[in-house]
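Novice: here's my sequence, what's the structure:
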Amino acid sequence: MLRLLTASLLGFCLAACSSSSTASSPPPASSATVTFIPGESFSMNTTSVEFGNQVVNTTSAPRAVTVTNIGSTPQPVRARMNGTPGQWQDFASTNDCPTMLAVGANCTLNITFTPSATGGRGAVLVIDGTNDEEGVVNVGGTGTD
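Specialist: Here you go, the predicted model:
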């Protein structure tokens, strides 16, 4: 995905620009165009996984998320949980991904839920490739007695 970021830089002068205490006219306005081309991206077969009710301290059956390299170069696949402290730790993931995922190839991330407390729990499975956060899957579930 190509993102174009255009920034106009307005002329200004900070105190550090001049050691003089007298005011001076600002330099003329200038502009610059910055093009940001992020690394390759992944496609996932889902962007959310809901576990529903799960008894506290018992582990759910795994839920699978398929990740496909839709970029133009092979990429590493790293998955990590993130989110609200005390909740994201209730989710875990394993995968069958190779060291480098070939272009057009896919692999599977398996997510499990082991609630440590009752109530709603949530996290985000972040999938990193060449760059950080190239894929995100929201996960949730409810701990029950």
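Novice: can you map out the strands along the chain?
Specialist: Assigned by DSSP state E, the chain shows strands spanning 3-7, 32-36, 42-44, 48-55, 63-69, 78-82, 91-95, 106-113, 119-128, 135-144.
Novice: contacts for stretch 60-80?
Specialist: With contact meaning CB atoms under 8 Å, 6 or more residues apart in numbering, stretch 60-80 is reached by 39-46, 49, 51, 54, 93-95, 97, 99-114, 125-130, 135, 137, 141. C-beta coordinates here come from the backbone N, C-alpha and C atoms, glycine included.
Novice: what is the end-to-end distance of it?
Specialist: Stretch 60-80 has an end-to-end distance of 18 Å (criterion: CA to CA, to the nearest Å).
Novice: and for stretch 89-107?
Specialist: Using CA to CA, one end of stretch 89-107 lies 23 Å from the other.
Novice: hmm, back to that, mean neighbour count for the strands of the chain - can I get that in a markdown table?
Specialist: A markdown table is the format used below for the strands of the chain (neighbours: other CB atoms under 10 Å):
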| stretch | mean neighbour count |
| --- | --- |
| strand 3-7 | 9 |
| strand 32-36 | 8 |
| strand 42-44 | 17 |
| strand 48-55 | 15 |
| strand 63-69 | 19 |
| strand 78-82 | 15 |
| strand 91-95 | 18 |
| strand 106-113 | 19 |
| strand 119-128 | 19 |
| strand 135-144 | 19 |
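Novice: export those to JSON lines and tack on mean pLDDT?
Specialist: Below are these laid out as JSON lines (pLDDT from 0 to 100):
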{"stretch": "strand 3-7", "mean pLDDT": "29"}
{"stretch": "strand 32-36", "mean pLDDT": "36"}
{"stretch": "strand 42-44", "mean pLDDT": "91"}
{"stretch": "strand 48-55", "mean pLDDT": "97"}
{"stretch": "strand 63-69", "mean pLDDT": "95"}
{"stretch": "strand 78-82", "mean pLDDT": "93"}
{"stretch": "strand 91-95", "mean pLDDT": "95"}
{"stretch": "strand 106-113", "mean pLDDT": "96"}
{"stretch": "strand 119-128", "mean pLDDT": "94"}
{"stretch": "strand 135-144", "mean pLDDT": "95"}
